[in-house]
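here is my input, please return the structure:
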Amino acid sequence: MITILVADDQAVVRAGIAAVLDAERDMTVVGQAADGQAAVELTLQSRPDVVLMDVRMPGLDGLRATARITAEVPGTRVVVLTTFGLDDYVFGALRAGAAGFLLKDAEPERVIDAVRVVAAGDAMLDPGITRRLIDRFAQEPPPYNGSTGVLTPRETEVLKQVATGLSNAEIGAVLGISPATVKDHIAVILGKLGVRNRLQATIAAYETGLVRPAARRGEQPILTEEEPASSPS
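Coordinates of the predicted model:
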């Protein structure tokens, strides 16, 4: 059973989201909060698997509440759910440790899927937001520093593929290794980069210039330093 806390300053919205999630057989809402401070306190008390967090709330806002929860209750995953899709909110939420970011106009099924995905230890971004993240880096590409520093060549290859949005199975097929080996590499990459999930790792790949966005929509991101996929794992 996935336990969930819903944090939103609008009572009707909060109750609606809770009702949708409670209707699922594998989910139960263990608490509701009207502001960020209450969300932190209830999370510390009930230790839910997932928190659905609004951004703009009175007092402690959703971004600061997310940062506190991910720092103080690392076992709880946060999905930011808001009407605001501004880039600053997206980057703030992800850097605060959020495992997902969805807009409130998302279909209920997508919210339900997001809860299941992050509860399982993965991460999820609204597709439209993913496109905007890539576009932002396309407009202001950082200079490539030529090195990933702490990563081995194989880990660098894996990170490049993660940043293109491939699943573990797809990365394994590209690099000629098993999905389990890919998963192990990703765990090491997250630790070395000091990030919490593959979304933050993707941002790091773009920020350092390891991966460069394509110039036009619909193109694949540009992977710098072509390396053979058959190198030893």
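
okay, CA-based contacts and neighbour counts for the rest of this
OK.

in three-state terms, label Thr28 for me.
Under the three-state scheme (DSSP: H, G, I helix; E, B strand; the rest coil), Thr28 adopts strand.

separation between it and Ile17?
If you measure Thr28 against Ile17 using Cα to Cα, to the nearest Å, the figure is 12 Å.

Glu155 now?
From Glu155 to Ile17 the distance is 39 Å (Cα to Cα).

after whichever strand or helix holds Leu102, which helix or strand is next?
Using DSSP states H and E, Leu102 sits within strand 100-103. Helices and strands here follow DSSP H and E; after strand 100-103, the next one along the chain is helix 108-119.

quick one: contacts of that following helix?
With Cα atoms under 8 Å, 6 or more residues apart in numbering as the test, helix 108-119 has contacts from 2, 20-21, 49-50, 77-79, 99-100, 102, 123-124.

what do you get for stretch 55-67?
With Cα under 8 Å, 6+ apart, stretch 55-67 has contacts from 8-9, 34-37, 39-40, 53-54, 78, 80-82, 84, 89, 92-93, 96-98.

what about those residues, which are in helices?
For the contacts of stretch 55-67, the ones inside helices are Gly36, Gln37, Ala39, Val40, Tyr89, Gly92, Ala93, with DSSP state H as the criterion.

so which of the residues you listed sits lowest on pLDDT?
Across those, the smallest pLDDT goes to Tyr89, namely 67.

ok, now which ones touch Thr181?
Gly172.

again, 10 Å this time
By Cα atoms under 10 Å, 6 or more residues apart in numbering, the residues touching Thr181 are Asn168, Ala169, Gly172, Ala187, Ser233.

who are the packing partners of the helix or strand in which Ala169 is found?
Assigned by DSSP H and E, Ala169 belongs to helix 168-175. In terms of contacts (3 or more Cα pairs under 10 Å, 6 or more residues apart in numbering; DSSP states H and E), helix 168-175 is packed against helix 153-163, helix 179-193.
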